[in-house]
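*Asks:* got a sequence here, can you model it:
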Amino acid sequence: MAGINEATKMVTSYFDPGTKLIYAIGAVVGLIGGIKVYNKFSSGDPDTSKTAASWFGACIFLIVVATILRSFFL
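*Replies:* This is a model prediction of the structure:
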């Protein structure tokens, strides 16, 4: 029983750093997406809104996944 409790503590201790890592990845993806959308907008590409929506959706997905995993397992 003590081993199971210790393993549970070890696994749950990884969630805070993992969540922060996912948030950091989301921030980097958001910055890269913003730069790509700006470049497309500046060049007059008509496909700008589709690119912006896909990058924004990816960032939201990462944040939602991190939040759901944290609330589900802790």
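
*Asks:* count the residues that sit near Ala66.
*Replies:* Residues contacting Ala66 under the criterion other CB atoms under 10 Å number 19. All C-beta spots, glycine's among them, are computed from the backbone N, C-alpha and C.

*Asks:* let me see the contact set for it.
*Replies:* Gly18, Thr19, Ile22, Tyr23, Gly26 (CB atoms under 8 Å, 6 or more residues apart in numbering).

*Asks:* for the helix or strand the second one falls within, packing partners?
*Replies:* What it means is Thr19. Per DSSP states H and E, Thr19 falls inside helix 15-43. On a contact count with 3 or more CB pairs under 8 Å, 6 or more residues apart in numbering; DSSP states H and E, helix 15-43 meets helix 48-73.

*Asks:* the helix it packs on to helix 15-43, inter-axis angle?
*Replies:* Helix 48-73 and helix 15-43 are oriented at 170 degrees to each other (axes from the mean of the first three to the mean of the last three CA atoms, to 10 degrees).

*Asks:* distance of the residue located most distally from the centre of the chain from Ala7?
*Replies:* Farthest-out residue of the chain from its mean C-alpha position, per CA atoms, centre = their mean: Met1, at 35.0 Å. Using CB to CB, to the nearest Å, we find Met1 at a distance of 11 Å from Ala7.

*Asks:* distance between the ends of stretch 35-50?
*Replies:* End-to-end distance of stretch 35-50: 14 Å, with CA to CA, to the nearest Å as the criterion.

*Asks:* in it, which residues are buried?
*Replies:* For stretch 35-50, a neighbour-count test (16 or more other CB atoms under 10 Å) marks Val37, Lys40, Thr48 as buried.

*Asks:* which among these gets closest to Val65?
*Replies:* Val37 (22.2 Å; CB to CB).

*Asks:* list the contacts of Gly33.
*Replies:* So Gly33 contacts Thr51, Ala52, Trp55, Phe56, Ala58, Cys59 (CB under 8 Å, 6+ apart).

*Asks:* thanks a lot, see you next time.
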